[in-house]
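In: A structural model of the following input is requested.
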Amino acid sequence: MAIRFVLLVNKQGQTRLAQYYEYLTLEERRALEGEIVRKCLARTESQCSFVEHRNYKVIYRRYASLFFLVGVDSEENELAILEFIHCLVETMDRYFGNVCELDIMFHLEKAHFMLEEMVMNGCIVETNKTNVLTPIQLMDKMC
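Out: So this is what the prediction gives:
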């Protein structure tokens, strides 16, 4: 298993989306999110986007007012995860039209669907934007 968790966090450190691919209790999740978010938000833009924390390697990227954080195993390729984050943002942009924090807040289930189409059990299984969005667009037509 490569990806351990995916977090979307705003500039104030509030978690907007959290998906875990390993079991952690709510207390462990809350503590982990707090520690990682504080560590990543405190870094400047001139610093690299990779942080070691506990037994995780955290890769993050800021898009507008959202930080996308992905926790992975220590042997995972950082650049591949940065590319995955970019692909996730492009997919959300295509669906929402320039994704922002409010899109995630008001359409949380759609954001989770996109993430679930792309990552299964911690492994990236789909990066084609059209393939990711087709099931979501079909659900939209049914409503």
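In: Please report how far the residue nearest the centre of the chain lies from residue 102.
Out: In the chain, the residue lying closest to the centroid (CA atoms, centre = their mean) is residue 6, at 3.9 Å. The gap separating residue 6 from residue 102 is 19 Å, by CB to CB, to the nearest Å. Bear in mind the C-beta positions are built from the backbone N, C-alpha and C, glycine included.
In: what's the answer for residue 82, then?
Out: 25 Å.
In: Looking at the two, which one has more neighbours?
Out: residue 82 (17 against 11; other CB atoms under 10 Å).
In: okay, that one: pLDDT?
Out: The per-residue pLDDT reported for residue 82 equals 96.
In: before we move on, what about the one 10 residues further on?
Out: The predicted local confidence for residue 92 comes out at a pLDDT of 96.
In: Need the nearest residue in space to it, chain neighbours excluded.
Out: residue 99 (4.0 Å; CB to CB, 6 or more residues apart in numbering).
In: Report pLDDT for that neighbour.
Out: 91.
In: Verify the assumption that it is located in a strand.
Out: No - the assignment for residue 99 (DSSP: H, G, I helix; E, B strand; the rest coil) gives coil, which keeps it out of a strand.
In: how close does it get to residue 121?
Out: Using CB to CB, which is the criterion applied here, residue 99 is 25 Å from residue 121.
In: Looking at those two, which one has more neighbours?
Out: residue 99 (23 against 10).
In: wait, isn't that one in contact with residue 105?
Out: No - look at residue 99 against residue 105 with CB atoms under 8 Å: they stay out of range, at 11.2 Å.
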